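**Q** Quick one: sequence and predicted model below, then my questions.
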Amino acid sequence: MNFNSHSDAVVAVAASLVNALTPGEARGRTYTLPSEGPARRTAASEALRAGGARSREVTDAEALGLAEVAAELRVVFEAVESGDVDTAAHQVNRLLDRTQARPHLERHDGEPWHLHFHGSGEAPGEDWAASCATGLAIVLGGELYDRLGVCTAPHCDRVYVDTSRNGTRRFCSTSCQNRVKTAAFRARAGRP
């Protein structure tokens, strides 16, 4: 299931930013925001690569800005998961307004012309915020908005984008899916 190549990439980055830079639970354990400095820079840099792009290492200021953006993006995924598309759309609109997202055709790395979305660039991470907000706006504005989700495994609140054909994904990872299946098997077998 593809929206379009660039939208797919920035929506994947949005999910990756949320998972890497927001606290909560992940795969049955408490997940804390990586500490400032090298750990947060690495987490942010890896999240930006989720869309398949080669990205430079981020600075401390950019990592901090991206963590703030990730918290704003989490609201979108959680709202869609709870069936509150209006809240998700209003949150995306706030991000679009704040970043002053604007389209721009670009060609780089031997690729053909493709659409990018840039922000005002006034704050660290603002261009990524504009890109992610625009990608999520494309998803929310279409009939496949329910492809955004939050893991249904116990003790996990990581997010995902369901790109499967049938749109039935419920977990952020195979690890969480296996945890749930193992727990169900043990419950049926009467084991703890």
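**A** Nice, I can see it. It should be emphasised that the depicted structure is a prediction, and the values quoted were computed from it without experimental measurement.

**Q** can you pull the contacts of the residue nearest the centre of the chain?
**A** For the chain, the residue nearest the mean C-alpha position is residue 15 (1.2 Å; C-alpha atoms, centre = their mean). By C-beta atoms under 8 Å, 6 or more residues apart in numbering, the contact set of residue 15 is 50, 77, 148, 159-161. (Glycine included, C-beta is placed from N, CA and C.)

**Q** Please confirm that it is located within a helix.
**A** Yes: the assignment for residue 15 (DSSP: H, G, I helix; E, B strand; the rest coil) places it in a helix.

**Q** any idea how far residue 161 is from it?
**A** Applying C-beta to C-beta, to the nearest Å, one obtains 5 Å for the distance of residue 15 from residue 161.

**Q** list residues touching both of these two?
**A** Residues touching both residue 15 and residue 161 (C-beta under 8 Å, 6+ apart) are residue 148.

**Q** gap between the residue nearest to residue 126 when sequence neighbours are not counted and residue 13?
**A** Of all residues beyond its chain neighbours, the one nearest residue 126 is residue 119 (4.0 Å), with distances taken as C-beta to C-beta, 6 or more residues apart in numbering. When C-beta to C-beta is the yardstick, residue 119 and residue 13 sit 14 Å from each other.

**Q** what residues do these two have in common as contacts?
**A** Common neighbours of residue 119 and residue 13 are listed as residue 131 (criterion: C-beta under 8 Å, 6+ apart).

**Q** who's in contact with the closest residue in space to residue 147 that isn't next to it in sequence?
**A** Of all residues not flanking residue 147 in the chain, residue 162 sits nearest, at 4.3 Å (C-beta to C-beta, 6+ apart). For residue 162, the contact set (C-beta under 8 Å, 6+ apart) comprises 1, 147-149, 168-169.

**Q** From the contacts of residue 15, which land in helices?
**A** Of the positions in the contacts of residue 15, residue 77 sit in helices, assigned by DSSP state H.

**Q** Need the contacts of residue 15 in JSON lines (columns: neighbour count and distance to residue 84).
**A** Output for these, formatted as JSON lines (neighbours: other C-beta atoms under 10 Å; distance: C-beta to C-beta, whole Å):
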{"residue": "50", "neighbour count": "20", "distance to residue 84": "25"}
{"residue": "77", "neighbour count": "25", "distance to residue 84": "11"}
{"residue": "148", "neighbour count": "24", "distance to residue 84": "12"}
{"residue": "159", "neighbour count": "25", "distance to residue 84": "15"}
{"residue": "160", "neighbour count": "23", "distance to residue 84": "18"}
{"residue": "161", "neighbour count": "22", "distance to residue 84": "18"}
